[in-house]
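J.: would you be able to build a 3D model of this:
(one chain, ligands or ions: 2)
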Amino acid sequence: MKILVSEPIAEKGLEKLVQEGATVDLKTSLTRQELLKIIGEYDALIVRSNTKVNEELYQKATQLKVVGRAGNGVDNIDMDGATKRGIIVVNTPDSNSVSACELTIGLLLATCRNIPQHHIRLKGKVWDRSGLKGMELLDKTVGIVGLGRIGSLVATRLKSFGMKIVAYDPYISDSRFQHVGVEKKEKLEDLMRVCDILTVHTPKTEETYGMIGKEQLAVAKKGLTVINCARAGIVNEVALIEALKTKIVARVGIDVPEGEPEPISPLLEYDNVIVTPHAGADTKEAQDNVGVTIAQEVISALRGEMVPNAVNLPTLHTQELAAVKNYLKLGETMGKLYYQLEKEAVEKVEITYRGEVAAMETSVISLAILKGLFEPVLKEKVNYVNASVVAKSRGVVVTESKESEVDSYLTLITVKVISKGKEFTISGTVFGKDDLRIVEINGYEFDVIPMPYMLIAENMDKPGVVGQMGTLLGVAKVNIATMQLGRKLTDNRAMMVLTVDSEVSKETLEFVGGVDGILRVRFVKL
Ligand SMILES: NC(=O)c1ccc[n+]([C@@H]2O[C@H](COP(=O)([O-])OP(=O)(O)OC[C@H]3O[C@@H](n4cnc5c(N)ncnc54)[C@H](O)[C@@H]3O)[C@@H](O)[C@H]2O)c1
Ligand SMILES: O=C(O)[C@H](O)COP(=O)(O)O
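T.: Ligands and ions are numbered 1, 2, ... in the order given. As a prediction, this is how the structure comes out:
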């Protein structure tokens with residue numbers, strides 16, 4: 001595992017990567033050209049907000065499997081490009097929210113009380129309070145745009161100043177507004193009309209970029225204070241400067257000015273504009289959190305495990321992930337069996353979830369099944385991120401259905417693979433906490449614990465076949481660990497599933513296949 005860290009992360013995070021056996025190169029002052037020259041050597045890249053992870057980089061990054069964003073915002077990462085190539089993007093969305101919230105409050109207080117301006121005068125040995133009258137927060141209205149993680153933390157803290165809080169966020173439920181104790185505004189303009197202080201906490205997207213512009217500032221109360229601790233450009237800087245000139249806006253506090261990391265924003269020229277150089281997450285606590293979390297996630301992702309904060313995968317919280325973990329293993333195992341038993345190209349995959357598993361986040365289990373299905377033919381080129389893209393590109397139709405009830409088991413997954421009119425089915429279950437079992441293949445019933453090496457044979461249900469097979473394996477020094485037989489009395493046929501302790505050579509397989517009554521036999525590796 002070779003990992004390039006292109007921006008500073010906490011020592012603890014670097015240590016964790018090394019402890020997990022990775023070779024880590026910390027190179028935080030590479031030029032773009034230098035980065036592009038060496039990126040082809042690495043399995044993973046860890047960045048913050050200054051490294052542009054885009055098409056130009058992906059084209060050179062021939063080994064890249066994981067991009068770790070040591071932080072929250074992923075606006076510097078081309079997500080489609082990553083997904084297309086099966087590159088998993090992980091971030092640490094919760095690890096620095098408190099620090100970003102506290103800087104927002106800090107900027108808000110500093111802005112409303114002119115703290116930096118006072119500081120600069122006094123440092124210059126000038127004792128002069130004139131022209132810097134501040135504004136109290138008590139009884140003022142703050143308008144929060146984006147009531148997510150940071151917006152909610154800001155709301156909670158500002159309540160203790162005796163402020164009235166209103167918020168605009170069309171993408172969250174009314175109950176979330178109630179839970180945070182904030183008045184909901186249906187329209188952004190309604191919020192702009194009533195607030196004394198505006199603070200933005202949305203991600204930077206096509207929709208939010210410039211969302212606070214000329215029109216929105218035109219309806220604002222005169223003397224508005226604007227705080228942006230989210231991303232540059234969510235508040236349009238040209239409109240903001242115009243509003244400063246016309247005194248619609250009285251003060252501004254900004255953590256990320258346009259042009260980052262170059263200090264080129266025209267806002268820097270205004271005395272009533274306070275700026276910080278994207279320092280929201282720069283606390284020891286946040287960086288330690290972020291560093292350790294991203295190290296864990298990148299390692300898990302490189303090992304092919306499902307990660308809670310994978311940005312280009314269905315969102316899973318840690319608890320949900322713990323609940324589906326064994327089903328991911330089971331699904332992948334079931335998927336892996338198909339191309340090792342059958343040679344027909346897959347046309348359709350029908351997945352049915354029954355019982356307990358039907359109540360879980362099954363979309364990721366379906367991805368695990370597809371990953372397992374295509375892995376034997378595409379090797380490392382398929383993973384959780386691109387499994388459904390791979391299926392689609394191969395013309396495979398995937399359907400998912402759920403039934404809450406199931407006979408005989410508490411929980412059951414059945415995968416039906418359809419190709420050229422033929423159907424292949426496999427079912428599996430999880431007993432107790434983590435006891436995986438394959439319980440059906442093509443209508444034959446078993447209770448098999450999947451193991452790394454297995455022999456699966458179809459045979460005539462007649463005396464002597466099993467014995468001869470055992471003898472031949474013994475001669476070839478292949479030790480049989482377990483053996484199970486499933487039979488269909490209707491057609492005199494049976495299926496044998498053997499778990500063995502070592503690989504089975506082609507020659508041995510041919511001998512076994514030649515036994516009278518063996519219809520076909522396959523060696524399966526899981
Ligand atoms: N300054 C820093 O150092 C720093 C640190 C961490 C995060 N951030 C930034 O802070 C911002 C918020 O982060 P978060 O963790 O709270 O994100 P979040 O995803 O938890 O919350 C964002 C909220 O914005 C809402 N939203 C999206 N589009 C919207 C729109 N058009 N109008 C109104 N609301 C909209 C979403 O519904 C969501 O509730 C992000 O831009 C993030 O990159 C900055
Ligand atoms: O999105 C984030 O996590 C913050 O904006 C911090 O960005 P940074 O890691 O570049 O400091």
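
J.: alpha carbons only for contacts and neighbour counts from here, please
T.: Fine.

J.: which ones are touching Leu30?
T.: Leu30 makes contact with Ser6 under the criterion CA atoms under 8 Å, 6 or more residues apart in numbering.

J.: could you do Leu57 as well?
T.: Contacts of Leu57 (CA under 8 Å, 6+ apart): Leu36, Ile39.

J.: what's stretch 349-367 in contact with?
T.: Residues contacting stretch 349-367 (CA under 8 Å, 6+ apart): 314, 320, 323-324, 327-328, 331, 384, 387-388, 396-406, 409-418.

J.: give me the element Ala322 is part of.
T.: helix 318-341 (DSSP states H and E).

J.: so Phe177, which of the three states?
T.: At Phe177, secondary structure determined by DSSP: H, G, I helix; E, B strand; the rest coil is helix.

J.: Glu183 is in contact with that one, correct?
T.: Yes: Phe177 is within contact range of Glu183, at 6.7 Å (criterion: CA atoms under 8 Å).

J.: with adjacent residues omitted, what lies nearest to the residue most central in space within the chain?
T.: The centroid of the chain falls nearest to Ala310 when counting by CA atoms, centre = their mean (1.1 Å). Nearest non-adjacent residue to Ala310, counting by CA to CA, 6 or more residues apart in numbering: Val90, 4.3 Å away.

J.: what bridges to the one you found?
T.: Gly68, Ala310 (DSSP bridges).

J.: can you report how many residues lie near it?
T.: Using other CA atoms under 10 Å, Val90 is surrounded by 26 other residues.

J.: all helices for the stretch 201-350 of the chain, in order.
T.: Listed in chain order, the helices found in the stretch 201-350 of the chain under DSSP state H, counting those that start in this stretch are 214-218, 237-245, 284-302, 318-341.

J.: just name the most buried of those helices.
T.: Looking across the helices of the stretch 201-350 of the chain with neighbours counted as mean count of other CA atoms under 10 Å, the highest average goes to helix 284-302: a mean of 22.

J.: measure Leu339 to ligand 1 for me?
T.: Not Leu; residue 339 is Tyr. Using CA to the nearest ligand atom, to the nearest Å, Tyr339 is found at 40 Å from ligand 1.

J.: what of Val154?
T.: Taking CA to the nearest ligand atom, one finds Val154 at 9 Å from ligand 1.

J.: which neighbouring elements make contact with the helix or strand that residue falls within?
T.: Per DSSP H and E, Val154 falls inside helix 149-159. The elements that helix 149-159 packs onto, with contact taken as 3 or more CA pairs under 8 Å, 6 or more residues apart in numbering; DSSP states H and E, are helix 97-112, strand 141-145, strand 164-168, helix 174-180.

J.: contacts only, for the residue nearest to Ala310.
T.: Neighbour list for Val90: Val66, Val67, Gly68, Arg69, Ile294, Glu297, Val298, Val307, Asn309, Ala310, Val311, Asn312 [criterion: CA under 8 Å, 6+ apart].

J.: distance of it from Leu302?
T.: As judged by CA to CA, to the nearest Å, Val90 and Leu302 stand 11 Å apart.

J.: what do the two both touch?
T.: The contact lists of Val90 and Leu302 share Val66, where a contact means CA under 8 Å, 6+ apart.

J.: give me the mean pLDDT for stretch 295-315.
T.: Across stretch 295-315, pLDDT averages out at 86.

J.: now do stretch 39-53: everything it contacts.
T.: With CA under 8 Å, 6+ apart as the criterion, stretch 39-53 contacts 1-8, 57, 60-71, 73-78, 260-261, 298, 302.

J.: do the same with stretch 203-222
T.: By CA under 8 Å, 6+ apart, stretch 203-222 touches 73, 75, 188-189, 192-196, 202, 230-231, 233-236, 239-240, 243, 247-250.

J.: does ligand 1 have contacts with that stretch?
T.: Yes: counting by CA under 6 Å from any ligand atom, contacts between stretch 203-222 and ligand 1 involve Pro203, Lys204, Glu207, Thr208.

J.: show me which of these is closest to Lys477.
T.: Pro203 (61.3 Å; CA to CA).

J.: what's the burial count for the closest one?
T.: Counted by other CA under 10 Å, the residues lying close to Pro203 total 18.

J.: per-residue pLDDT, it?
T.: Value for Pro203, per-residue pLDDT: 92.

J.: from Ile438, how far out is the residue nearest to Ala310?
T.: Taking CA to CA, one finds Val90 at 32 Å from Ile438.

J.: again, but for Ser49
T.: 45 Å.

J.: over to Pro93?
T.: 37 Å.

J.: more neighbours: which of those two?
T.: Between Pro93 and Ile438, Ile438 has the larger neighbour count (other CA under 10 Å), namely 22 against 18.

J.: for that one, give me the pLDDT.
T.: In this model, Ile438 is scored at 96, pLDDT.

J.: is it in a bridge, and if so with what?
T.: Gly428, Val448.

J.: next: Glu423.
T.: Beta-bridge partners, per DSSP bridges, of Glu423: Ile418.

J.: residues near it, how many?
T.: 13.

J.: ok, it touching Lys416?
T.: Yes: under the criterion of CA under 8 Å, Glu423 makes contact with Lys416 at 6.6 Å.

J.: which SS state does the residue with the largest distance to the centre of the chain fall under?
T.: For the chain, the largest distance from the centre (CA atoms, centre = their mean) belongs to Pro463, which lies 53.6 Å off. Following three-state DSSP, the label given to Pro463 is coil.

J.: who touches the residue nearest to the centre of the chain in this structure?
T.: Going by CA under 8 Å, 6+ apart, the list of residues near Ala310 reads Ile88, Val89, Val90, Asn91.

J.: next one: Ile165
T.: With CA under 8 Å, 6+ apart, Ile165 has these contacts: Thr141, Val142, Gly143, Ile144, Ala155, Leu158, Lys159, Val182, Glu183.

J.: tell me which of these is nearest to ligand 1?
T.: Ile144 (8.8 Å; CA to the nearest ligand atom).

J.: before we move on, the earlier item: can you tell me which of the contacts of stretch 203-222 are buried?
T.: 73, 188-189, 192-196, 202, 230-231, 233-236, 239-240, 243, 248-250 (16 or more other CA atoms under 10 Å).

J.: show me the shaky parts of the chain.
T.: Residue ranges of the chain with pLDDT under 70: 379-381.

J.: could you chop it up by domain?
T.: For the chain, automatic domain parsing gives the domain ranges 1-95+283-308, 97-275, 316-447, 451-526.

J.: out of these, which gets nearest to ligand 2?
T.: Comparing the domains of the chain by CA to the nearest ligand atom, domain 1-95+283-308 comes nearest, at 3.4 Å.

J.: the closest one: end-to-end distance?
T.: Span of domain 1-95+283-308 from end to end, CA to CA: 20 Å.

J.: before we move on, what about stretch 63-74?
T.: Start and end residues of stretch 63-74 are separated by 21 Å (CA to CA).

J.: that one near ligand 1 anywhere?
T.: Yes: contact of stretch 63-74 with ligand 1 (CA under 6 Å from any ligand atom) involves Asn72, Gly73.
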